[in-house]
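Trainee: how would this look folded up:
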Amino acid sequence: MYFLISKILSPLVNFSNFIFLGVIVFIILYRFFKKEIFKNFLVIFSLIFFISCIFPLGKHALRYLEKDYVNKEQFIDYDNIIVLAGAEQTSTTNYTKTLNLNESSERLILSVDLALKNKDSKIIFLGGSGNLSKNKLNEVDVAKIFYKNVGFDLNRIKFIGDTRNTIENLKKFKNLNINKDNDLLITSAFHMNRAMMISKKIGLNLTPYAVDFRGSDGNENLINRYQSFDISHNLYYLNLFMREILGIFVAKIIL
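Mentor: Numbering: from 1, shown residues only. Below you'll find the model as predicted:
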């Protein structure tokens, strides 16, 4: 039920969608009812939307989620390398018949790098499909294409393909009959906070190995900021941050 509700409500709790719809709703309400309160809300929502478009608030906010995972240790003798799905473009891969990954592809790339450094480790790939309507290919199918393409030994990988979100991913791993004493968890840095919180709540002791950093490093000068200015990117990163905060909040409630 949680999965179904979260997917149905997803477009409505998207931050930029919510603010934009708020502007539209209060324009309509003020036009028909001429109430001062509707005008005030219209000004507030419009101002929030304008600020969100102009300033890179999301990138700086993501830095807050990522800051504890910037400096990686030199890990040795780890048993399992747990990879959370999220880099796989399932529909595009099915359409083009070639491998397609998104900006989280470091999850897969770094898993190979770590496995090559430790010949005794095993990769555990946790994925499936987070869509209400399933595609012909799921995340495991695309991940298998990646590992085959780079020539990695598939016998060193255990694929779990029937999970739909991070909670199900990690619960499924916990139920596997394998040694779990010394395991690395690979996911995007902005997502690691939630993944580690869920791990601890269900009784897993995992070592974080964050990749795919999105947050600002705080060193951009004005010229570089001007060159990279993009309203859609500002909204995208803010949506990403708000989604993670909501995910953390919900996980604390249901676990």
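Trainee: if we look at stretch 53-65, which residues are touching it?
Mentor: 51-52, 189-190, 192-193, 214-218, 225, 231, 233-241, 244 (Cβ atoms under 8 Å, 6 or more residues apart in numbering). Glycine gets a C-beta too; all of them are placed from N, C-alpha and C.
Trainee: Return the set of buried residues in it.
Mentor: For stretch 53-65, burial by neighbour count (16 or more other Cβ atoms under 10 Å) applies to 53, 56-59, 61-63, 65.
Trainee: which stretches of the stretch 101-250 of the chain form helices?
Mentor: 106-117, 139-149, 166-174, 189-201, 222-227, 231-254 (DSSP state H, counting those that start in this stretch).
Trainee: Would you single out the least confident of those helices?
Mentor: Lowest mean pLDDT of those: helix 222-227, a mean of 72.
Trainee: which outside residues touch it?
Mentor: So helix 222-227 is contacted by Pro56 (Cβ under 8 Å, 6+ apart).
Trainee: same thing with stretch 96-107?
Mentor: With contacts defined as Cβ under 8 Å, 6+ apart, stretch 96-107 is touched by 83-89, 92-93, 108, 142, 145-146, 149, 186-188, 211-212, 214.
Trainee: With stretch 109-125 instead?
Mentor: By Cβ under 8 Å, 6+ apart, the residues outside stretch 109-125 that reach it are 75-83, 85, 140, 143, 147, 150, 152, 156-160, 173, 176, 178, 184, 186, 209, 211.
Trainee: ok, of those, which come out buried?
Mentor: Neighbour counting with 16+ other Cβ under 10 Å marks 78-83, 85, 140, 143, 147, 152, 157-160, 173, 184, 186, 209, 211 as buried within the contacts of stretch 109-125.
Trainee: Which members of those are positioned in strands?
Mentor: 80-83, 157-160, 184, 186, 209, 211 (DSSP state E).
Trainee: between these, which is nearest Phe20?
Mentor: Val211 (31.6 Å; Cβ to Cβ).
Trainee: What separation do you get for that closest one and Val112?
Mentor: For Val211, the distance to Val112 equals 12 Å [Cβ to Cβ, to the nearest Å].
Trainee: same check, this time on Tyr209
Mentor: Counting by Cβ to Cβ - Tyr209 and Val112 are separated by 13 Å.
Trainee: where in the stretch 1-150 of the chain is pLDDT low?
Mentor: By pLDDT under 70, the low-scoring segments of the stretch 1-150 of the chain are 1-9, 12, 72, 130-135.
Trainee: Val142 is in contact with Gly161, correct?
Mentor: No: the criterion here is Cβ atoms under 8 Å, and Gly161 misses it with Val142 at 10.6 Å.
Trainee: follow-up on the earlier one: out of the contacts of stretch 96-107, which are buried?
Mentor: In those, the ones that pass as buried (16+ other Cβ under 10 Å) are 83-89, 92-93, 108, 142, 145-146, 186-188, 211-212, 214.
Trainee: and Lys35, what does it touch?
Mentor: Leu29.
Trainee: Against Ile51, how distant is it?
Mentor: 25 Å.
Trainee: what's near enough to touch the residue most central in space within the chain?
Mentor: Residue closest to the mean C-alpha point of the chain, counted by Cα atoms, centre = their mean, is His191 at 5.2 Å. By Cβ under 8 Å, 6+ apart, His191 lies in contact with 84, 86, 166, 244.
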